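Enquirer: Curious how this folds, go ahead:
(one chain, ligands or ions: 1)
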Amino acid sequence: MPTTAATAADRLPSNASLSEALEAARAHYSAANPASLALHARAEKSLPGGNTRTVLFYGPFPLRFAGGDGCHLTDVDGHGYVDFLAEYTAGMFGHSHPVIRRAIERALDFGVNIGGHTEHEVLLAEAVTARFPSMERVRFTNSGTEGNLMAISLARAFTKRSKVLVFTGGYHGGVLYFRKGGSPVNVPFPMLVARYNDIESVRALAQPNANDLACIIVEPMFGSTGCVPAAPEFLAGLRQIADETGALLIFDEVMTSRLAPGGLQSVIGVKPDLTTLGKYVGGGMSFGAFGGRADVMALFDPARPDGLPHAGTFNNNTLTMSAGLAALTEVATPEAVTQVNARGDRLRETLNGIARKGGARMQFTGRGSMMAVHFRDGTIRDEVDADQGNQDLKELFFFDLLDRGVYMARRGMIVLSLVQDEAAFARLEGAVEDFVRLRARFLA
Ligand SMILES: Cc1ncc(COP(=O)(O)O)c(C=O)c1O
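Expert: Okay, here's the model as predicted:
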């Protein structure tokens, strides 16, 4: 890989079924990637399933990479790809952006593992609170998951209530996973699980639990579950229900904060009590944050006799603080964020146009710089709708695009970075055109 989509597709008899086409694509992939296969076999001896990050796994075995540069990746078999995964939105700057690299070098010169306060966390906190005004105060964590755990725990402590309202299909981290009925390794908070974009389902759960509802946590657009935007009136309805019940409204903007300079909340016009961040805001280093109303966040003031503990060895590590500051103030500037999202909107229109022109039953949902492919018609409003798309076609799409030198998420997500050039977009558009043409009989 990459060869061409035609190699995998054209070897098939014209009457091959979708499952035969998929088998052939998997076989082609396996044959083309012996070094990835060998490394996977070696990894299995020290990592369960050869894996330490579930989302990266797919069968027959995942690619392993030799490195990245700008918007390009090279796998261990020497194939080159344009990177349209962008580290699931964290890789907004491409690989080793020079400005961020310099910031990290300055942090190395300053010293890592200082074990004390520095100016670094003040500068990043100032940049974050300026950029996301509903975050009057912020605290840093090491991941988005941790940011969400802290925000939910804070809401429970602040309201002195226990229950947490979430959504089927919502994803807030490895222990806050509400896809496909939830996960056995979820944290044991008492959860009420409503339907996304269905305000009546929220009301039906919130009202009988009004006295014990601590918070509602929601992604303003589903990220992992197929880039499904929440309707603005749904988010406004959540605000109203939170106000009526005295619960806090938490926006998980770990992914969606990249969709506008002030996050998706600034576009929707709904102000949450708390917001969580992660991904690109740390400039590509390990990062998470939670913040919001000053009166709520004040519970973490350690000078207060009743101050809540929030430790974390790496919360203010100089590498992340420096990379994040450079990212927010020098690279992902408001202008750059606006531009990349406008480019994403144009790309999504182009891809949907290719599907329409080819008469293909497929669509790209999302907003700005995040999108996902679905192999079905009609409006997609929640997890049930998203899961109704043909999943075999999604896998075939993934392998065909890999074959054309386009790397994206196996689950169908495509993400823009600030460094993809027009050649990268042309490669992606060409690959989608080929897919629609060569796989037409499966898409009718
Ligand atoms: C919406 C959302 N929340 C939280 C997380 C968890 O962030 P992290 O992987 O940094 O723990 C993710 C990760 O993909 C996410 O998409």
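
Enquirer: residue in the chain nearest to the ligand?
Expert: Per CB to the nearest ligand atom, Gly144 is where the chain lies closest to the ligand, at 2.4 Å. Bear in mind the C-beta positions are built from the backbone N, C-alpha and C, glycine included.

Enquirer: State the distance from that residue to Asp387.
Expert: Gly144 sits at a distance of 23 Å from Asp387 (criterion: CB to CB, to the nearest Å).

Enquirer: Please say which of the two ends up with more neighbours.
Expert: Just comparing Gly144 and Asp387: by other CB atoms under 10 Å the higher neighbour count belongs to Gly144, 29 against 16.

Enquirer: Okay, and the beta partners of the residue nearest to that one when sequence neighbours are not counted?
Expert: Closest residue to Gly144 in three dimensions, ignoring its sequence neighbours and counting by CB to CB, 6 or more residues apart in numbering: Gly278, at 2.8 Å. Assessed by DSSP bridges, Gly278 has beta-bridge partners Gly288.

Enquirer: hang on, isn't Gly278 packed against Met150?
Expert: No - proximity of Gly278 to Met150 does not meet the contact threshold set by CB atoms under 8 Å, at 11.8 Å.

Enquirer: So between those two, which is more surrounded?
Expert: Gly278 (27 against 23).

Enquirer: got a list of what that one touches?
Expert: Taking CB atoms under 8 Å, 6 or more residues apart in numbering as the contact definition, Gly278 lies against Ala90, Ser143, Gly144, Gly147, Val254, Met255, Phe287, Gly288, Ala289.

Enquirer: go with 7 Å
Expert: For Gly278, the contacting residues are Ser143, Gly144, Gly147, Val254, Phe287, Gly288, by CB atoms under 7 Å, 6 or more residues apart in numbering.

Enquirer: The fourth one against Leu277, yeah?
Expert: Pointing back at Val254 there. Yes - applying CB atoms under 7 Å, one finds Val254 in contact with Leu277, separated by 6.2 Å.

Enquirer: The stretch 1-150 of the chain against the ligand: which residues are in contact?
Expert: For the stretch 1-150 of the chain, the residues in contact with the ligand (CB under 6 Å from any ligand atom) are Tyr88, Ser143, Gly144, Thr145, Asn148.

Enquirer: try the stretch 151-300 of the chain
Expert: Within the stretch 151-300 of the chain, the residues that sit near the ligand (CB under 6 Å from any ligand atom) are Tyr171, His172, Gly173, Glu219, Gly223, Ser224, Asp252, Val254, Met255, Gly278, Gly288.

Enquirer: out of those residues, who's nearest Val55?
Expert: For Val55, the nearest member of those is Ser224. The distance, counting by CB to CB, is 7.8 Å.

Enquirer: in what helix or strand does the closest one lie?
Expert: Using DSSP states H and E, no element contains Ser224; it sits outside every helix and strand.

Enquirer: Use 26 as the first number from now on
Expert: In the new numbering, first residue 26, that becomes Ser249.

Enquirer: What residues are bridge-paired with the nearest residue to it once chain neighbours are set aside?
Expert: Spatial nearest neighbour of Ser249, excluding adjacent residues (CB to CB, 6+ apart): Tyr196 at 4.1 Å. Beta-bridge partners for Tyr196, by DSSP bridges, are Tyr202.

Enquirer: measure Tyr196 to Asn234 for me?
Expert: Distance from Tyr196 to Asn234, counting by CB to CB: 23 Å.

Enquirer: between the contacts of Gly303, which is closest to Leu43?
Expert: Sorting those by distance to Leu43 puts Val279 at the head of the list, at 34.5 Å, by CB to CB.

Enquirer: any idea which helix is longest in this structure?
Expert: The residue-count maximum for a helix in the chain (DSSP state H) belongs to helix 359-382.

Enquirer: any residues touching that one, and which ones?
Expert: 283-286, 387-389, 391, 393-394, 396, 441, 443, 450, 454, 457-458, 461.

Enquirer: what about stretch 72-89, how long is it end to end?
Expert: Across its full length, stretch 72-89 reaches 14 Å between end residues, using CA to CA, to the nearest Å.

Enquirer: roughly how far is it from the heart of the chain?
Expert: Averaging C-alpha positions (CA atoms, centre = their mean, to the nearest Å) puts stretch 72-89 18 Å from its chain's average.

Enquirer: can you pull the buried residues of that stretch?
Expert: Of the residues in stretch 72-89, those scored as buried under the neighbour-count criterion (16 or more other CB atoms under 10 Å) are Gly75, Phe86, Pro87, Leu88, Arg89.

Enquirer: If we ignore the residues flanking it in sequence, what's nearest the second one?
Expert: Counting by CB to CB, 6+ apart, His65 is the residue found nearest to Phe86 once chain neighbours are left out, at 4.1 Å.

Enquirer: how far away is the one you found from Gly383?
Expert: Following CB to CB, the distance that separates His65 from Gly383 is 35 Å.

Enquirer: Give me the helix or strand of this structure that scores worst on average pLDDT.
Expert: helix 30-35 (a mean of 61; mean pLDDT, DSSP states H and E).

Enquirer: Verify the contact between the residue nearest to Ser249 and Gly251 for me.
Expert: No - assessed by CB under 7 Å, Tyr196 is found out of contact with Gly251, at 10.8 Å.

Enquirer: Helices along the stretch 326-469 of the chain, start to end?
Expert: Assignment of helices within the stretch 326-469 of the chain using DSSP state H, counting those that start in this stretch yields the ranges 343-351, 359-382, 408-412, 416-428, 447-463, 465-468.

Enquirer: want to try TSV for the ones you listed, with distance to Asn138 and mean pLDDT as columns?
Expert: Formatted as TSV, the entries for the helices of the stretch 326-469 of the chain read as follows, by distance: least, CB to CB, whole Å; pLDDT from 0 to 100:
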stretch	distance to Asn138	mean pLDDT
helix 343-351	8	98
helix 359-382	31	98
helix 408-412	42	96
helix 416-428	39	98
helix 447-463	37	98
helix 465-468	54	96
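
Enquirer: Out of those, which is the most enclosed?
Expert: Ranked by average neighbour count under the criterion mean count of other CB atoms under 10 Å, the helices of the stretch 326-469 of the chain are headed by helix 343-351 at a mean of 26.

Enquirer: got a list of what the nearest residue to Val440 once chain neighbours are set aside touches?
Expert: Nearest-residue entry for Val440: Ala111, 4.0 Å, with adjacent residues in sequence omitted and distances by CB to CB, 6+ apart. Taking CB under 7 Å, 6+ apart as the definition of contact, the neighbours of Ala111 are Met117, Val440, Leu441, Ser442.
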